[in-house]
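K.L.:
Coordinates only, no sequence provided:
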């Protein structure tokens, strides 16, 4: 893992340092400023304990990385810049082309180490993670097949979307059938 990612301790702030806001819309306005995820040790909600207003550049962590809380040792993909609470770390790719799809592939590999990482002290986390090995697809020339990882996750995502759509179509057809059936007087 140490060949793929640089592990960084996040600038740590407690929640009292922030002004929490409603979850963001995709278009910030004067009455609704840009909101940033506040990443913590929780294993719920992608590790995000809430959304906060901009604080400063010093504590803001660059997005498009992986983040982990030191208690649950659950890894998450952080697409946008974020702030973090205590006992969190971020993993920044050392390779080009990292994106959401490659991150989702990597998360599956990394989260399998949860039990191992929970057994080490916080101070030993980076050393332990750097030495862990994961199996990744490669091209014939031995280079890592990031394109294959990305396409694999895209196919899985498409299959899941199609299943959800089919389920909703089935439910909507059932509702339509009930609504189109004339009522019989009693």
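P.N.:
Cool, the structure landed. Please read these numbers as outputs of a predicted model, since none were measured by experiment.
K.L.:
Show the backbone phi and psi for residue 114.
P.N.:
phi -50, psi -50 (degrees, to the nearest 10).
K.L.:
now the closest residue to it other than its chain neighbours, what's its secondary structure?
P.N.:
Spatial nearest neighbour of residue 114, chain neighbours left out: residue 73 (4.8 Å); criterion: C-beta to C-beta, 6 or more residues apart in numbering. Using the backbone N, CA and C atoms, a C-beta is placed for each residue, glycine as well. The local conformation at residue 73, judged by DSSP: H, G, I helix; E, B strand; the rest coil, is coil.
K.L.:
Assess the claim that residue 73 and residue 117 are in contact.
P.N.:
Yes - Residue 73 is in contact with residue 117 according to C-beta atoms under 8 Å; the separation is 4.2 Å.
K.L.:
which stretches of the chain form helices?
P.N.:
100-111, 114-118, 125-131, 146-180 (DSSP state H).
K.L.:
quick revisit: neighbours of the residue nearest to residue 114, how many?
P.N.:
When neighbours are counted by other C-beta atoms under 10 Å, residue 73 registers 21.
K.L.:
so where's this structure uncertain?
P.N.:
25-33 (pLDDT under 70).
K.L.:
picking up where we left off before, for the helices of the chain, state which one has the densest average packing.
P.N.:
Sort the helices of the chain by mean neighbour count, taking mean count of other C-beta atoms under 10 Å, and helix 100-111 sits at the top with a mean of 18.
K.L.:
With adjacent residues omitted, what lies nearest to the most centrally placed residue in the chain?
P.N.:
Ranked by distance to the mean C-alpha position of the chain (C-alpha atoms, centre = their mean), the top residue is residue 77 at 2.6 Å. Among residues not flanking residue 77 along the chain, residue 103 sits closest, at 3.9 Å (C-beta to C-beta, 6+ apart).
K.L.:
so the one you found makes contact with residue 90?
P.N.:
No - Residue 103 is not in contact with residue 90 according to C-beta under 8 Å; the separation is 12.0 Å.
K.L.:
residues shared between the contacts of the two?
P.N.:
Here residue 103 and residue 90 share the contacting residues residue 66, scored by C-beta atoms under 8 Å, 6 or more residues apart in numbering.
K.L.:
Could you list which residues are in contact with the residue nearest to residue 135 when sequence neighbours are not counted?
P.N.:
Leaving out its chain neighbours, the residue that sits closest to residue 135 by C-beta to C-beta, 6+ apart is residue 109, at 7.6 Å. Neighbouring residues of residue 109 by C-beta under 8 Å, 6+ apart: 134-136.
K.L.:
measure the residue nearest to residue 114 to residue 49 for me?
P.N.:
Residue 73 is 17 Å from residue 49, where distance means C-beta to C-beta, to the nearest Å.
K.L.:
Could you export the helices of the chain to CSV, including columns for distance to residue 19?
P.N.:
As requested, those are exported to CSV (distance: least, C-beta to C-beta, whole Å):
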stretch, distance to residue 19
helix 100-111, 28
helix 114-118, 33
helix 125-131, 30
helix 146-180, 35
